[in-house]
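Colleague: after the sequence you'll find the predicted model.
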Amino acid sequence: MSHHPMVMSAKRMIQEAFEGPADPQEGSYYVNTEPNSGVLGLLESISAQKASQDINGTNLAAHTDHVRYYVWGTNEILTGNENPKMQWEESWKIENVSDEEWRDLQEELRTEYKKLLEGVDRMKSIDIHTNEVLGSLAHTAYHLGAMKQMMKMV
């Protein structure tokens, strides 16, 4: 059985949000066409010190942990577990990260992202998980924009 076109489109959009465009020569649906223009590439270019810099009461490390947290929540739902009781305030508590903590946080985000793609791959059609997947896509795109704006200040 093949995947529903909407499922395949959602997967491609999620990949673009995290990795940037599949082929920069062909353009992009909504991110810049430069290499590493998705969330993961953007974060790799930032030091722990810059990720910890306060910008209007938050920082890039906290945004990163927040993205990791909600993707984890989506993954819990996609794997058939009960909807987790999300405690959003916990995902915003990071104030400072060391170099090691910053690398670990990025790796945790990358791991959750890969699990998300696996979860989308298990979807053969539009189903009860569609809203959750599309919500993760929209949420990631929002935070990618917020992070890019924050980058201008660090």
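Modeller: Sure thing, it's come through.

Colleague: number of residues surrounding Asn36?
Modeller: 14 (other C-beta atoms under 10 Å). (Each C-beta comes from the backbone N, C-alpha and C, glycine too.)

Colleague: and the gap between the closest residue to it other than its chain neighbours and Val31?
Modeller: Spatial nearest neighbour of Asn36, excluding adjacent residues (C-beta to C-beta, 6 or more residues apart in numbering): Gly20 at 5.9 Å. Separation of Gly20 from Val31 (C-beta to C-beta, to the nearest Å): 6 Å.

Colleague: identify the contacts common to those two.
Modeller: Jointly contacting Gly20 and Val31 under the rule C-beta atoms under 8 Å, 6 or more residues apart in numbering are 37-38.

Colleague: for the chain, what's the longest helix?
Modeller: Longest helix of the chain, by residue count under DSSP state H: helix 99-122.

Colleague: roughly how far is the helix or strand that it is followed by from the heart of the chain?
Modeller: Scanning forward in sequence from helix 99-122 by DSSP states H and E, the next helix or strand is helix 130-151. Chain-centre distance of helix 130-151: 7 Å, with C-alpha atoms, centre = their mean, to the nearest Å.
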